[in-house]
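Enquirer: Requesting a structural model of the entry that follows:
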Amino acid sequence: MFRSLRSELSNRVFAGLDELEAAITAALLQFWDEPKTLQSLTGYHWWVQAGQDLVPLTS
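Expert: Below is the predicted model of the structure:
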């Protein structure tokens, strides 16, 4: 994931935090649209299993 974000955000100067936030949000949109891509980059098998083992909280 770092490599993907680095290509979008490196060697740029941002005028402020709002501009940086907008750039990060734009770079992350691909992962919101395609969660399987994010899982392939960060989904270590033990993380995935731990998430599947969680019991949903009820209110």
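
Enquirer: any idea how far the helix of greatest length in the chain is from the chain center?
Expert: Longest among the helix segments of the chain by residue count, using DSSP state H, is helix 17-33. Relative to its chain's centre, helix 17-33 lies at 9 Å (CA atoms, centre = their mean, to the nearest Å).

Enquirer: quick one: the helix or strand that that helix is followed by to helix 17-33, angle?
Expert: Following helix 17-33 in sequence order, the next helix or strand is helix 35-42 (DSSP states H and E). Angle, helix 35-42 to helix 17-33, by axes from the mean of the first three to the mean of the last three CA atoms, to 10 degrees: 110 degrees.

Enquirer: May I see the buried residues of helix 35-42?
Expert: Using 16 or more other CB atoms under 10 Å as the test for burial, helix 35-42 gives L38. In this view, the C-beta of every residue, glycine as well, is placed from N, C-alpha and C.

Enquirer: Which elements pack onto it?
Expert: helix 17-33 (3 or more CB pairs under 8 Å, 6 or more residues apart in numbering; DSSP states H and E).

Enquirer: 10 Å instead?
Expert: helix 2-9, helix 17-33, helix 45-53 (3 or more CB pairs under 10 Å, 6 or more residues apart in numbering; DSSP states H and E).

Enquirer: Thanks a lot, see you next time.
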